[in-house]
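S.K.: Structure of the sequence below:
(2 chains)
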Amino acid sequence: MNRGPLHQFLTGATAGDAITGQALLIQRWLREAGYESEIYAWHLHDSMATAARPMSTYRRARGETRGIYHHSIGSDVPEFLAGRDLRLILIYHNITPPGFFENSDPLRAYLARQGIAQLKMLQPLTELALADSHYNERDLLLNGFIRTAVLPICLQAEQYEAAVNGTLPETPAGAEPRLLFVGRLAPNKRQEDLVKLLFFLRRIHPQAHLTLVGDRWEMGYDRWVEQLAADLNVAEGLELTGKVSHEALLAHYRSADLYMSMSDHEGFGVPLIESMLLGLPVMAYGSTAVPETMGDAGVVFYRKEFEPLAELIAMLYEDATLRRRIIGKQRARVEHFLEPQVRRQFFSYLEQIEA
Amino acid sequence: MSAMESQHAADSPWIVIHDEQVSSEELVRQVEERVARRRAELGAVEVVFPAFGYVSSYPDVPLEKRVSPHLFYYLEQANRMPPASVEPLLAPSPATRAPVVGGLWQKIRGEMHNLVLFYVNKSVREQSRTNANLVSTLNELTRVIQDQQAEIDALRAEIWRREN
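M.R.: Numbers count the residues shown, from 1 in each chain, chains lettered A, B, ... in the order given. Purely as a prediction, here's the structure:
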């Protein structure tokens, strides 16, 4: 059955990016349900050249009334869509507050402010506003969106089942426990706090190791973090991998002992649930949407007290039965973020507006 | 204390675990015990960590004008300096409406604009960070001056007391 066109619009499309991943998944769902569905991006990375199209090539088809727009930062896309007379299904992924970048990346701060301001402009164009989390939904309600709902980020379990063949990252022999954090190097992610934690952890376990996986960006925060590690004499226990392939990412998850997040701002926190799916115990600072994503799983803490946290990591590392119980609870939690459940939610929202 | 720490109920344990065998309270207790044992064994660590992007606050202006008021005037101006701004605004060009070549011209302008923006942002953010560091340094130095002035005043008062 041909249900007509329902395309998605993104500011940027890059392979490995969480928003792009979600757009690809929704595209598959829509196509399987009989919609014509393409992805249009304002900034199209070469890695997505065959999977998405440049925004400039979009032409509204006859009878096309709706579009899906993923909003996460200021751009020209909202104005572009306003000029196409489409009713929008807005998927809001949260905007990192500009204050995190004010003194380090003025352009990023400007785009964040612009993105927040554009919520007001998007409100009258929007038929249904979906947020990754209740935390994000609050922004929508504050900006006058009336019809809102939560559609969490969805993991495709089969993408995490790939065998690790010779791609295990090289870590120094005996480097344990191994901590992992995944996310672009950025001030709001607070990788620096993980280095401070490593300083205390290495007093307990001198071979403790921290791997920071994520785009090193270009604003110098990565160099600052490395310098801090050198100043604290923990540089040999720190590895910054930069952006890695999906296979390498899986290898990092599988070779780590604990996923640790000190992030001050998360609209959802995809790596938290990826860790849960891959059986890695999670400890996370309870900022923003993190407690909601964690639910009753893992360990959430509300103070950045490095010395006790280092002891807690050591406890989890040394207590295999406690670790097993945490992993068990996490496996139950991650079911909420797997495809059948989230897909059903998505189509029930779509049916409501089409009714 | 961050906003997040203050939002979390003050009477709740700061570490939360949902486990059938160990409660959050018990986990906090065990962690505190381990910290105490470790300190007894290895000694306490007093370390002040730097924080990325931290800008030291403007010092309190003393009621007694022992330090030149110009210092506080200019320091306040420096602290009030708004963060540097970079806006990706591309000025419109009528030539982009020209048939055939207009679209190509707009694409070239866009790409050139992005390139310029990349380097301008890079330069501005370095300068912005330098400014923040300098203002923080001046704030801290002013505090040192204030503390030293207070110490000098106290010593002078002591000398005066002993001499009289």
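S.K.: how near is B:S136 to B:Y73?
M.R.: Distance, B:S136 to B:Y73, by CB to CB, to the nearest Å: 18 Å. Placement of C-beta: from N, CA and C, glycine included.
S.K.: all helices for chain B, in order.
M.R.: Applying DSSP state H to chain B gives helices spanning B:3-7, B:24-42, B:69-80, B:101-163.
S.K.: Show me which of B:S136 and B:Y73 is the more surrounded one.
M.R.: B:S136 (15 against 11; other CB atoms under 10 Å in any protein chain shown).
S.K.: on that earlier part again, could the helices of chain B be laid out in TSV, adding distance to chain A?
M.R.: Listed next are the helices of chain B as TSV, based on distance: least, CB to the nearest CB, whole Å:
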stretch	distance to chain A
helix B:3-7	5
helix B:24-42	4
helix B:69-80	13
helix B:101-163	4
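S.K.: got TSV for these, with mean pLDDT and distance to A:E239 too?
M.R.: Putting the helices of chain B into TSV (pLDDT from 0 to 100; distance: least, CB to CB, whole Å) gives the following:
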stretch	mean pLDDT	distance to A:E239
helix B:3-7	52	28
helix B:24-42	96	26
helix B:69-80	87	38
helix B:101-163	88	25
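S.K.: could the ones you listed be laid out in CSV, adding distance to A:R324?
M.R.: Below are the helices of chain B laid out as CSV (distance: least, CB to CB, whole Å):
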stretch, distance to A:R324
helix B:3-7, 29
helix B:24-42, 16
helix B:69-80, 53
helix B:101-163, 45
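S.K.: Tell me which of those helices sits nearest to A:E236.
M.R.: Minimum separation from A:E236 across the helices of chain B (CB to CB) falls at helix B:24-42, 19.9 Å.
S.K.: Any idea how far the closest one is from the middle of the chain?
M.R.: Relative to the centre of its chain, helix B:24-42 is centred 31 Å away, using CA atoms, centre = their mean, to the nearest Å.
S.K.: Look at the spatially most central residue of chain B and report its pLDDT.
M.R.: Nearest to the geometric centre of chain B sits B:Y54, at 1.8 Å (CA atoms, centre = their mean). Per-residue confidence at B:Y54 stands at 77 (pLDDT).
S.K.: give the contact list for it.
M.R.: When contacts are counted by CB atoms under 8 Å, 6 or more residues apart in numbering or on different chains, B:Y54 touches B:S136.
S.K.: if I pick the residue of the stretch 151-300 of chain A found nearest chain B, what's in contact with it?
M.R.: When scored by CB to the nearest CB, the stretch 151-300 of chain A has A:D296 as its residue closest to chain B, at 4.0 Å. Residues near A:D296 by CB under 8 Å, 6+ apart: A:K329, A:R333, B:H18.
S.K.: From B:N133, how far off is the residue nearest to the centre of chain B?
M.R.: For B:Y54, the distance to B:N133 - CB to CB - is 10 Å.
S.K.: again, but for B:G110
M.R.: B:G110 is 35 Å from B:N133, by CB to CB.
S.K.: Equivalent analysis for A:L155, please.
M.R.: Distance of A:L155 to B:N133, given as CB to CB: 42 Å.
S.K.: Between these two, which is the more surrounded one?
M.R.: Per other CB under 10 Å, whichever of A:L155 and B:N133 has more neighbours is A:L155, with 20 against 14.
S.K.: how many other residues sit next to the nearest residue to the more buried one once chain neighbours are set aside?
M.R.: Spatially, and ignoring its direct neighbours in sequence, A:L155 is nearest to A:F337 (5.4 Å; CB to CB, 6 or more residues apart in numbering or on different chains). Neighbour count of A:F337, defined by other CB under 10 Å: 22.
S.K.: B:Q77 now?
M.R.: By other CB under 10 Å, the residues close to B:Q77 number 9.
S.K.: tell me the pLDDT at A:F100?
M.R.: A:F100 carries a pLDDT value of 89.
S.K.: Tell me how far the residue nearest to it when sequence neighbours are not counted lies from A:G267.
M.R.: In space, and not counting its chain neighbours, A:F100 is closest to A:N188: 4.2 Å by CB to CB, 6+ apart. For A:N188, the distance to A:G267 equals 10 Å [CB to CB].
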